[in-house]
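*Asks:* below are the sequence and a predicted model for it; my questions follow.
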Amino acid sequence: MKGRYEDENLTWIPLLIVGIFLLPFMLKGITYSYKYYLFVLNMVGIYIILTVGLDLLSGYTGLISLGHSAFLAIGAYTSAILVDQVGIPFILSLVISPLIVGIFGFLIGFPALRITGMYLGLTTMGFGFIVKRLIIALRVWTKGAGGLEVSPPVIFGFTFNSDWDNYFLIFTCAIIAVVVGRRIGKSKIGRALMAIRDSEQAAEATGVHLAKYKMLAFFISGLFAGFAGALFAHTNHFISTDHFDIILSIYFIIMILVGGVSSIYGAVLGTLFIVLLDYLFVPELKDLIHGVFNIEGGDIQSLLFGLIMFLFIIFQPTGLYGMWIKMKIYWKLFPFNPKKRLI
Amino acid sequence: MKKATGLFILTGLLVMGCGNRASAPGVSEDKILIGNVQDLSGPMKELGAVLPAGSNLYFRYVNENGGVHGRQIEMKVEDHQYNPQKAVAAAKKLIEKDQVFCLYQVIGTSPCEAIRPILAESGTPLVAPATQSGSMSDMSREAAGLIFHTDTGYDKQTRILVDNILADDVNAKIGLIYQDDDYGENVLKGAAVAESSTGAAIQKEAYQRGATDFAGQVANLMKGGATHVIIAGVVKEPIIVMKTAAAMGYAPKFYGTSPTMDHRVSLAAGPAGEGFTSANFASLWNSDAEAAVLYRELCTKYEVPEAYMGMYHFYGFITAQVLVEGLERAGQYPTRERLVNGLETLNNWDGGAFPPITYSQTDHAGTESVILVEVKDGVQTVITDWID
Amino acid sequence: METFIGLIQESISGIALGSIYALIALGFTLIYKATEVVNFAQGELMMVGAYVNFYFVTTFMTQNGEPTVGIFLIAFAGSIIFAFVFGWVLDWVINRPLKDEPIFSVIMATISLSIILRALVAMIAGPMSLIPYSPFGNKILSINGIIISMLDLSIIISAIILVILFYYFFNKTKWGVAMQATSEDPVAAQLMGIPVKRVYGLVWIFSALVATISGILLAPRMSLLDTSMGFLGLKAFPAAVLGGFGSITGAIVGGIIMGVIETISMGTLSYHFGWIKEMNDIIVWIVLIAVLMVKPDGLFGEEKVKKV
């Protein structure tokens, strides 16, 4: 299978990267509440790292994981314990924590060799619950259910103390993650993973080692999640088991689905869409509605979120990336558009 | 094209966020804006509706009597769904975007813990966090100097309950049912203190948040021969536990921590709930305490729905009193530092519901004692004075 | 001996709890069997059913005074009618617009539906929890020191009745056979003249029906009715999977196994082994993963032969 987007124009990527790093300055110029927006964007960045890895697992390989918040949790707690209690420098922990989470992913890969489809989803969900309990039980290091305070990230003597500093750290990491994710997706590994998704039997017949690649997919996905977890812990300064709820795992899956499965850019777009919707637009919209009507009760916020999601799925089931491709084709063909749907 | 639209939307959004910035955030000529992060659509959303309603009742009363130094109090509530990450986002929004003067009544232990770094970074005080976790008044923690806790911690409540049981009956065998999370952790801390100071062995049984079946735990307590059982639950748990025990023909004396004080416990448990004794850190809303009288008067005046009236609504009301007192003491030109200093001058201050509150630079614990309330003939009756 | 009686007592409580899981799992199973969609909103359907029933009970009660068994039966009938309409509407809103889309779009639609339902119910009913009525009061049955409440008994009995009904329906009636054929191969079924669309509609109605009945039975057992009741749907997941998604017998057996394991591990096991207390809520998941490792399609699931 040849890459679908091989012909795409890559010149805008450096522009985009420059734009990402200029954004905070722009925000600071426009509004005094830039810290709040930066905080939300930081969350987007961390989740992008995770969803890129999740996309490689669930989107490319078709192995559904409903336990990714647990991977995030392991990464976060590992890094917090390594840095604050063992005394390893943060930059080293950014390498070790992903490896440890990768090993956990490897372990979860074992059941995945036999269990498939929704059953696998439920198994990983169970893994999520088990990890949560494990974190509470290991209260000597994790302080149990009360939560753990974490030191800010320090790299070569520079302490990242504010959302402003964190933004540059997180987005540098996120860009690296996206680039690496795309490289993996386009490499031999990526093609093997896609072959497994399309038909395990056919993939095996053409010489793809099923067990090896499934375990590899979980390992890689774990690496990304661990990386995100380490950043999450240190930029948040406080982690507890309440942070890593099962709902979060479901949201991660929603993010890659909304973006459009098996495209790294889709995962990025989906994460951006869901986090901004949940943390920025909906509260904003709620304030707006509160300004017009005086509605009591706070459920309006989750109602709006649910409704927007629902309408989006009903009217745009191919996801954001599909929408983008559709629009591109529409403009390419412009005056001669066929009446029928293309995708 | 697409990028341009995105940029347009973003800019529009940012412009919406711009307002005029006062010298002290949230304070203008005639208004003080206060931020509140509640659970409006999560597992505790009942409290999320009732607590701010109780506070708003008092604010309305204050506002109609001229406000604080001529300024009207206004409260803005955000939702965190009992998720610490959302709590941080909501607190950021309130502090950075809505520019509130201070935070007030944020509910839940882990949400409160999670926003500590923000409080420290922006210097925003948090008055009367709605959690009874003893960690809130631990002065060694980050931002502790900005948090003013009003309630007696779960750990202290548990210790007082154990002491009280042993004072009644030296041979009592005590059982404890606790929620297996941060709440339970704090309760266990108190139980451990009581165990080491009295030498009593407490039989502990755990349950998970949202559990609906307690047959196993009750059977275990029965087997262990516990004569006095402390239930560290919220509202649902004591009802089911007492009903299950009654069905099994097991009749120990039941005790509960402050969240089980809700009057619906005795209502829903019926005869099984007779004699249930719970610890509370404030006077009852239907008692003769000064604040309770005012509360009931205002409830009739402003036609508060009957479903709202009760201990949680009243709790919102009396913590609002503490906040207003602090704002009064912050003076004509309040700043965040002046609010902190003002609250720290509270010395044996009696608002009429809490036991006398004293704050100082080294102590932000507020109250440290409780009263015990027993259900007699289906009516909650205070049976002790303030004890600690 | 005492341990033995304790074990029996816990098993009976566990069977009652398991019957609830089984009823929810039955709802999952019905939809999954026909459409391969995992309905994440099943718990919310149950919650809506409980609220509607509560609404009916209070409405009739204000006219007649105290809630009696008669009123409860009328309210029950009203809720059943509501469930029919509700299931039909859901089919129109979720299933039909998305019929050509990947299964995952439908699953996501059910997730957002669950969010919407929770919010809507809370907005209509208000934030305060309600105290649900039970037609059985606090009555209990005691046999040789083993106690079972009438409510639990009614839950177990209705689970049994529902299973028999569904079993009969699927194997003996025309529509039931049509449904089985549709779940085997929708295209072939369509070619054979089965109205597949209507079959799908029926599936959603059935599943709303089961959810409503379990909601009505469960509400008094929870002692307070609030919208977080919907989260119980997540707890019934392992039950449905353990039995094998798509098998009615599996849903019941899986539910009861999970219920019994949960109560016994909280009771006798954690009494004798303290460390079990640390892992009460995950013991069912450990059992589930262990079973799936041996039988990847659940206890009663059919193993699919995969072709290229």
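*Replies:* Sure thing, it's come through.

*Asks:* rest of the way, CA atoms for contacts and neighbours
*Replies:* Fine.

*Asks:* dump the residue contacts of the residue in the stretch 51-200 of chain B positioned nearest to chain C.
*Replies:* Of all residues in the stretch 51-200 of chain B, the one sitting closest to chain C is B:Asp180 (8.4 Å; C-alpha to the nearest C-alpha). B:Asp180 is in contact with B:206-209, counting by C-alpha atoms under 8 Å, 6 or more residues apart in numbering or on different chains.

*Asks:* show the buried residues in the residues you listed.
*Replies:* Burial by neighbour count, judged by 16 or more other C-alpha atoms under 10 Å in any protein chain shown, picks out B:206-207 from the contacts of B:Asp180.

*Asks:* tell me which stretches of the stretch 201-308 of chain C form helices.
*Replies:* Using DSSP state H, counting those that start in this stretch, the helices of the stretch 201-308 of chain C run over C:232-243, C:248-264, C:270-272, C:283-294.

*Asks:* how about the residues of the stretch 1-150 of chain B by chain C?
*Replies:* Contacts of the stretch 1-150 of chain B with chain C, taken as C-alpha under 8 Å from any C-alpha of the partner chain, map to B:41-43, B:45-46, B:49.

*Asks:* how does it look with 10 Å?
*Replies:* Counting by C-alpha under 10 Å from any C-alpha of the partner chain, the stretch 1-150 of chain B comes close to chain C at B:40-50.

*Asks:* and the residues you listed, which of them are in helices?
*Replies:* B:45-50 (DSSP state H).

*Asks:* could the residues you listed go into a markdown table alongside neighbour count?
*Replies:* Shown next, in a markdown table, are these (neighbours: other C-alpha atoms under 10 Å in any protein chain shown):
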| residue | neighbour count |
| --- | --- |
| B:Lys45 | 27 |
| B:Glu46 | 21 |
| B:Leu47 | 21 |
| B:Gly48 | 28 |
| B:Ala49 | 23 |
| B:Val50 | 26 |
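
*Asks:* in terms of distance to A:Leu248, which of those residues ranks first?
*Replies:* B:Lys45 (19.2 Å; C-alpha to C-alpha).

*Asks:* any stretches of chain C with poor pLDDT?
*Replies:* C:1-2, C:63-66, C:302-308 (pLDDT under 70).

*Asks:* how about it: which residue is closest to chain B?
*Replies:* Closest point on chain C to chain B, by C-alpha to the nearest C-alpha, is C:Gly267, at 3.5 Å.

*Asks:* tell me which element the closest residue to that residue other than its chain neighbours falls in.
*Replies:* With sequence-adjacent residues excluded and distances taken as C-alpha to C-alpha, 6 or more residues apart in numbering or on different chains, C:Gly267 is closest to B:Gly216, at 3.5 Å. Assigned by DSSP states H and E, B:Gly216 belongs to helix B:215-224.

*Asks:* now the closest residue to A:Phe104 other than its chain neighbours: how far from C:Pro296?
*Replies:* Nearest in space to A:Phe104, with sequence neighbours left out and distances taken as C-alpha to C-alpha, 6+ apart, is A:Gly222 at 7.2 Å. Distance, A:Gly222 to C:Pro296, using C-alpha to C-alpha, to the nearest Å: 23 Å.

*Asks:* for these two, indicate the residue with more neighbours.
*Replies:* Between A:Gly222 and C:Pro296, A:Gly222 has the larger neighbour count (other C-alpha atoms under 10 Å in any protein chain shown), namely 32 against 24.

*Asks:* give the buried residues for the strand or helix carrying the more buried one.
*Replies:* Under the criterion of DSSP H and E, A:Gly222 resides in helix A:210-236. Residues of helix A:210-236 classed as buried under the neighbour-count rule (16+ other C-alpha under 10 Å) are A:210, A:213-236.

*Asks:* just the strands in the stretch 51-200 of chain A please.
*Replies:* Along the stretch 51-200 of chain A, counting by DSSP state E, counting those that start in this stretch, strands occupy A:148-149, A:154-155, A:158-159.

*Asks:* deepest in the core, which of the ones you listed is it.
*Replies:* strand A:148-149 (a mean of 22; mean count of other C-alpha atoms under 10 Å in any protein chain shown).

*Asks:* re the thing from before, for the helix or strand that the helix holding A:Gly222 is followed by, name the packing helices and strands.
*Replies:* Sequence-wise, the next helix or strand downstream of helix A:210-236 (DSSP H and E) is strand A:238-239. Contact here means 3 or more C-alpha pairs under 10 Å, 6 or more residues apart in numbering or on different chains; DSSP states H and E; on that basis strand A:238-239 packs against helix A:68-81, strand A:148-149, helix A:210-236, helix B:84-92, helix B:109-114.

*Asks:* what are the buried residues along the next helix or strand after strand A:238-239?
*Replies:* Elements were assigned by DSSP H and E; along the chain past strand A:238-239, the next helix or strand is helix A:246-259. In terms of neighbour count (16+ other C-alpha under 10 Å), helix A:246-259 has its buried residues at A:246, A:248-259.

*Asks:* only the buried residues of the helix or strand that comes right after helix A:246-259, if you could.
*Replies:* Per DSSP H and E, helix A:246-259 leads on to helix A:264-276 as the next helix or strand towards the C-terminus. By neighbour count with 16+ other C-alpha under 10 Å, helix A:264-276 contains the buried residues A:264-276.

*Asks:* just the buried residues of the helix holding B:Gly216, please?
*Replies:* B:215-222.

*Asks:* can you give me the angle that helix makes with helix C:248-264?
*Replies:* For helix B:215-224 against helix C:248-264, the angle by axes from the mean of the first three to the mean of the last three C-alpha atoms, to 10 degrees is 30 degrees.

*Asks:* can you list the strands that the following helix or strand past helix B:215-224 pairs with?
*Replies:* Next along the chain after helix B:215-224, taking DSSP H and E as the criterion, comes strand B:228-232. The pairing partners recorded for strand B:228-232 under DSSP bridges are strand B:174-179 (parallel), strand B:253-256 (parallel).

*Asks:* these into JSON lines, with extra columns for mean neighbour count and mean pLDDT?
*Replies:* Output for the strands paired with strand B:228-232, formatted as JSON lines (neighbours: other C-alpha atoms under 10 Å in any protein chain shown; pLDDT from 0 to 100):
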{"stretch": "strand B:174-179", "mean neighbour count": "24", "mean pLDDT": "92"}
{"stretch": "strand B:253-256", "mean neighbour count": "24", "mean pLDDT": "92"}
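
*Asks:* would you turn those strands into JSON lines with distance to C:Gly254?
*Replies:* Shown next, in JSON lines, are the strands paired with strand B:228-232 (distance: least, C-alpha to C-alpha, whole Å):
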{"stretch": "strand B:174-179", "distance to C:Gly254": "27"}
{"stretch": "strand B:253-256", "distance to C:Gly254": "35"}
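
*Asks:* tell me which of these lies nearest to C:Leu191.
*Replies:* Comparison of these against C:Leu191 by C-alpha to C-alpha identifies strand B:174-179 as nearest, at 56.2 Å.

*Asks:* ok, now how distant is A:Ala112 from A:Gly67?
*Replies:* Taking C-alpha to C-alpha, one finds A:Ala112 at 13 Å from A:Gly67.

*Asks:* show the model's pLDDT score for whichever residue of chain B sits closest to chain C.
*Replies:* Per C-alpha to the nearest C-alpha, B:Gly216 is where chain B lies closest to chain C, at 3.5 Å. Looking at B:Gly216, its pLDDT reads 83.

*Asks:* what's the answer for B:Val68, then?
*Replies:* The model's pLDDT for B:Val68 equals 92.

*Asks:* contacting residues for the residue nearest to it when sequence neighbours are not counted?
*Replies:* Closest residue in space to B:Val68, ignoring its immediate chain neighbours: B:Glu328 at 6.1 Å, by C-alpha to C-alpha, 6+ apart. Applying C-alpha atoms under 10 Å, 6 or more residues apart in numbering or on different chains, one finds that B:Glu328 lies in contact with B:67-69, B:322, B:334, B:339, B:342-343.

*Asks:* so B:Glu328 is in which element?
*Replies:* Assigned by DSSP H and E, B:Glu328 belongs to helix B:311-329.

*Asks:* continuing past that helix, what's the next helix or strand?
*Replies:* Helix B:311-329 is succeeded, C-terminally, by helix B:336-344 (DSSP H and E).

*Asks:* which elements pack onto that next one?
*Replies:* strand B:126-127, strand B:147-148, helix B:311-329, strand B:358-360, strand B:363-366.
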